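*Asks:* Quick check, what structure comes out for this input:
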Amino acid sequence: MDFRLSAQEARSHLATYHYWLLNSKPSDASAAALKYDAVVKALEGCSIQGSYTHAMSARCQIRETLAAKERRMPMWGQKGSFIIQHQGITALVKSIQPPSQTCVFQLSLHAIKLDAPFISSTGYLSIIVSGLGWNMRDAVCSEIDALLTKDLCMIDSEYLDEIEFPIWAVETLSTIEQQYY
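*Replies:* Next comes the predicted model:
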């Protein structure tokens, strides 16, 4: 199977999946997720065992090939990361989950302003969001709103040395702050 053609086909199914999620059509999104998975499964030799355990596996290669550009909000089911500022929270949002029939996603929020209040004392929070009818940014903002019923906290000093984020996130944050100050 030609990887290049398979990647193009997978990209088409990924875009279709994203479209149906945005338009709140879970059965159509699920069908697109199955088609995406079939393409990737064929590249794996019709096996899914250990499919994400090795960076050279077809699933990992497709995920990297189809990843959103740095700083850009990914489509649902697409790997990527972007910065969000909402209700005083600044976070790096990371998405790595491929298309799924459940239309529910696990995303991670990472603090990038280490001297500012955050929604977790560790500087990290994993959240579960639905992709139905939302883009990723709006779904994350909604979850942050729900989390803000609790008090914000500062990141514990024991975690400060463990927090890592890409250099582009620091540059983007610097640009954002220059616009406001």
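*Asks:* helices and strands of this protein: which one bottoms out on pLDDT?
*Replies:* Ranked by mean pLDDT, DSSP states H and E, the weakest helix or strand in the chain is helix 167-180, scoring a mean of 73.
*Asks:* Got the domain ranges for the chain?
*Replies:* 3-65, 80-180 (automatic domain parsing).
*Asks:* does residue 81 sit in a helix, a strand or a coil?
*Replies:* For residue 81, the assignment made with DSSP: H, G, I helix; E, B strand; the rest coil gives strand.
*Asks:* For it, which non-adjacent residue is spatially closest?
*Replies:* Closest residue to residue 81 apart from its sequence neighbours, by CB to CB, 6 or more residues apart in numbering: residue 94 at 4.5 Å. For the C-beta atoms, the positions are set from N, CA and C on the backbone; glycine is no exception.
*Asks:* Kindly report the same for residue 168.
*Replies:* Nearest non-adjacent residue to residue 168, counting by CB to CB, 6+ apart: residue 70, 5.0 Å away.
*Asks:* What of residue 37?
*Replies:* Using CB to CB, 6+ apart, the closest residue to residue 37 is residue 99 (7.2 Å).
*Asks:* my guess is the one you found contacts residue 14, does it?
*Replies:* Yes. Counting by CB atoms under 8 Å, residue 14 is a contact partner of residue 99 at 6.2 Å.
*Asks:* Looking at those two, which one has more neighbours?
*Replies:* residue 99 (28 against 25; other CB atoms under 10 Å).
*Asks:* quick revisit: tell me, how many neighbours does the residue nearest to residue 168 end up with?
*Replies:* Counted with other CB under 10 Å, residue 70 comes out at 13.
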